[in-house]
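Undergrad: turn this into a model:
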Amino acid sequence: MAEAVNPPEVWAPFGAFSMAVIQGDGRIVHLKGQVALDRDGLVVGAGDMRIQVRQTLDNIRDVLAAMGGQMRDVISLVHYATDIDAFMQAGDIRKTYFAEPYPVTTTVQVERLYHPELLIEITAVAEIPLTRFRRPAPHA
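TA: All right, here's what the predicted structure looks like:
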């Protein structure tokens with residue numbers, strides 16, 4: 001059975017979703033699509049793809065860290081960008097978060113995301129080694 005994870009280090013879910021779901025014994029983790037929201041759920045970098053890519057990747061990093069994960073554990077990413085050209089110009093930022101072997105990626109352009117100021121959403125799948133994995137404490 002899958003187990004939901006909603007770490008307090010990132011913005012709180014406001015709908016019928018979890019920030020991540022742990023599959024099986026806790027090694028495969030599926031992250032909800034992350035966007036450029038700060039811990040309080042406010043949009044960061046309105047109109048600036050580079051700032052939003054950085055905040056979105058920070059959110060992915062923070063969700064993984066809540067379970068003992070690291071960015072190097074990411075095996076797959078899907079990017080939903082409202083402007084694929086602007087997103088491609090932020091490739092250097094991604095290289096500060098990932099090293100070879102890079103995760104497999106898919107990038108698609110979408111008309112818009114759920115909030116009109118958001119430019120990018122990234123979802124990830126990671127495999128956290130059991131030697132580092134820890135289940136987050138349940139929320140009250």
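Undergrad: where along this structure do the strands fall?
TA: 3-5, 20-23, 28-34, 74-81, 104-109, 120-127 (DSSP state E).
Undergrad: just the angle for the fifth one relative to strand 74-81, thanks.
TA: Okay, so that is strand 104-109. Using axes from the mean of the first three to the mean of the last three CA atoms, to 10 degrees, the inter-axis angle of strand 104-109 relative to strand 74-81 is 10 degrees.
Undergrad: what sits against residue 68?
TA: Residues in contact with residue 68 (CB atoms under 8 Å, 6 or more residues apart in numbering) are 128, 132, 133, 134. Where you see a C-beta, it was placed from the backbone N, CA and C, and this is true even at glycine.
Undergrad: ok, back up a step: possible to save the strands of the chain as TSV with mean neighbour count and mean pLDDT?
TA: Formatted as TSV, the strands of the chain follow (neighbours: other CB atoms under 10 Å; pLDDT from 0 to 100):
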stretch	mean neighbour count	mean pLDDT
strand 3-5	17	77
strand 20-23	20	75
strand 28-34	20	94
strand 74-81	20	94
strand 104-109	12	92
strand 120-127	21	96
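Undergrad: report the buried residues of the biggest helix by length in the chain.
TA: Ranked by residue count and defined by DSSP state H, the top helix of the chain is helix 49-65. Across helix 49-65, burial judged by 16 or more other CB atoms under 10 Å covers 49-64.
Undergrad: before we move on, the earlier item: in a markdown table: the strands of the chain, plus distance to residue 91.
TA: Below are the strands of the chain laid out as a markdown table (distance: least, CB to CB, whole Å):
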| stretch | distance to residue 91 |
| --- | --- |
| strand 3-5 | 29 |
| strand 20-23 | 25 |
| strand 28-34 | 18 |
| strand 74-81 | 11 |
| strand 104-109 | 10 |
| strand 120-127 | 13 |
